[in-house]
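1. pasting the sequence and the predicted model now:
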Amino acid sequence: MSTTIKKIGVMTSGGDSPGMNPAIRSVVRTCAYHNIECVGIYRGYQGLIEGDFKYLDARSVNNIINKGGTILKSARSQEFRTKEGRQKAYDNAVKEGIDALVVIGGDGSFTGAMIFSDEFGVSVMGIPGTIDNDIHGTDSTLGYDTALNTVVEAIDKIRDTASSHNRLFFVEVMGRDVGHIALNAGVGAGAEEILIPEENLGKDRLIESLRRSRQSGKSSSIVVVAEGDKTGSNVFDLKNYVEENLPEYEVRVSVLGHMQRGGSPSCWDRVLASRMGVKAVESLMEGKTNYMVGIKENKMSLCPIDKAVKGKTEIDMELLRVSDIMTT
Ligand code: ATP
């Protein structure tokens, strides 16, 4: 494979996710394989602005495939949102001889990459790293599968205590705009109800459903609520509403929070990260720029980065139906 690219910078940006480390490892090793220098950029765009770089060779990424978080650290950089900040970042990239960037992050990070590329002509390639799976152009983002496993494991534990005390638990999971985590983990953990931003169940239907559930002989219940669900103003509001309307229920709330972003990446995320890193570097070598690497029907694919940023992800309607049937 012939290429004019001699040096690639890799960074992680925005919220961290399990799978970022295996992706860094893959980018670094693919560069080493093709005799391209690889520069690790610390703390996302802020590190690019400050010149916080470290050269990475194949051995620098030993023993990170199983680690959550990101060895390069992540950050949200306000300065990069300004033209002056991006100019500093570009000057540093030129000084360092960086020909192209691999940005591992979410849609905000890709927006930054797109603007940077438009302004200065730097080649950029995105790798979707976010637990929410809310990026268009890929069936799965890095960290999503690990987060699902984390949530299912947590709900399994909550179910033990729920059934011992005949309680109803509202479990809030991440997902401000999309309900992928809630829907999939909810089905996987056998939740009685799943509340997602895409569908407003309505408080009355929730009460009706819980009443039916109790009448059918269930003594404990789990309701999975995505952060962005609109049924109540928040999960505590739902708890109060249910307690007022169904006094027979003893209700508890568990907000899983940031633990969903941590942990050792699942095998799926490790393999996906390895494949995405290879695809990102080799696509840059082929002269491609302004794309995001994705997986579609188990094949690596490229999605124009502007489409990845602007496009929506859709909830699997069939899974919603499965969920309804399973709660019979
Ligand atoms: P997550 O999905 O976890 O929120 P993200 O990549 O969407 O990840 P953001 O905080 O939205 O996270 O973006 C990360 C960084 O990308 C920002 O801190 C900023 O430096 C850069 N960025 C985002 N939007 C822009 C923009 N419009 N112009 C320039 N830079 C941007």
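-> Ah, there it is.
2. distance of S163 relative to T150?
-> When C-beta to C-beta, to the nearest Å is applied, the distance between S163 and T150 equals 21 Å. In short, each C-beta sits where N, CA and C put it, glycine included.
3. those two - which one has more neighbours?
-> With other C-beta atoms under 10 Å as the criterion, S163 and T150 differ in neighbour count, and T150 comes out ahead with 25 against 14.
4. name the residues that touch the helix or strand harbouring F116?
-> With elements delineated by DSSP states H and E, F116 resides in helix 107-120, which encompasses its position. Taking contacts as C-beta atoms under 8 Å, 6 or more residues apart in numbering, the residues outside helix 107-120 that touch it are 13-14, 44-45, 76, 80-81, 83, 86, 89-90, 101, 103, 122-124, 126, 134-135, 289-290, 292, 305-306, 308-309.
5. buried ones in that helix?
-> For helix 107-120, the buried set under the neighbour-count rule, 16 or more other C-beta atoms under 10 Å, comprises D107, S109, F110, T111, G112, A113, M114, F116, S117.
6. can you pull out the strands in this protein?
-> For the chain, the strands identified by DSSP state E occupy 7-12, 37-41, 53-55, 100-105, 123-128, 167-173, 193-195, 221-226, 250-255, 291-296, 299-304, in order along the chain.
7. export the ones you listed to CSV and tack on mean pLDDT and distance to L284?
-> Output for these, formatted as CSV (pLDDT from 0 to 100; distance: least, C-beta to C-beta, whole Å):
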stretch, mean pLDDT, distance to L284
strand 7-12, 98, 7
strand 37-41, 98, 11
strand 53-55, 98, 18
strand 100-105, 98, 5
strand 123-128, 98, 5
strand 167-173, 96, 35
strand 193-195, 94, 40
strand 221-226, 95, 35
strand 250-255, 96, 40
strand 291-296, 98, 9
strand 299-304, 98, 11
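8. who wins for proximity to R205 among those?
-> Checking those against R205 by C-beta to C-beta gives strand 193-195 as the closest, at 9.4 Å.
9. which strands and helices lie in contact with that closest one?
-> Using 3 or more C-beta pairs under 8 Å, 6 or more residues apart in numbering; DSSP states H and E as the contact definition, the elements that strand 193-195 packs against are helix 180-188, helix 203-215, strand 221-226.
10. so which of these gets nearest the ligand?
-> Using C-beta to the nearest ligand atom as the criterion, the shortest distance between the ligand and the helices and strands packed on strand 193-195 is 12.7 Å, found for helix 180-188.
11. what helices and strands are in contact with that closest one?
-> Checking 3+ C-beta pairs under 8 Å, 6+ apart, helix 180-188 ends up next to helix 144-165, strand 167-173, strand 193-195, strand 221-226, helix 317-326.
12. next, the contact list for the residue lying closest to V281 once chain neighbours are set aside, please.
-> Excluding the flanking residues, the one nearest V281 by C-beta to C-beta, 6 or more residues apart in numbering is T30, at 4.0 Å. The neighbours of T30, taking C-beta under 8 Å, 6+ apart as the test, are G277, V278, A280, V281, E282.
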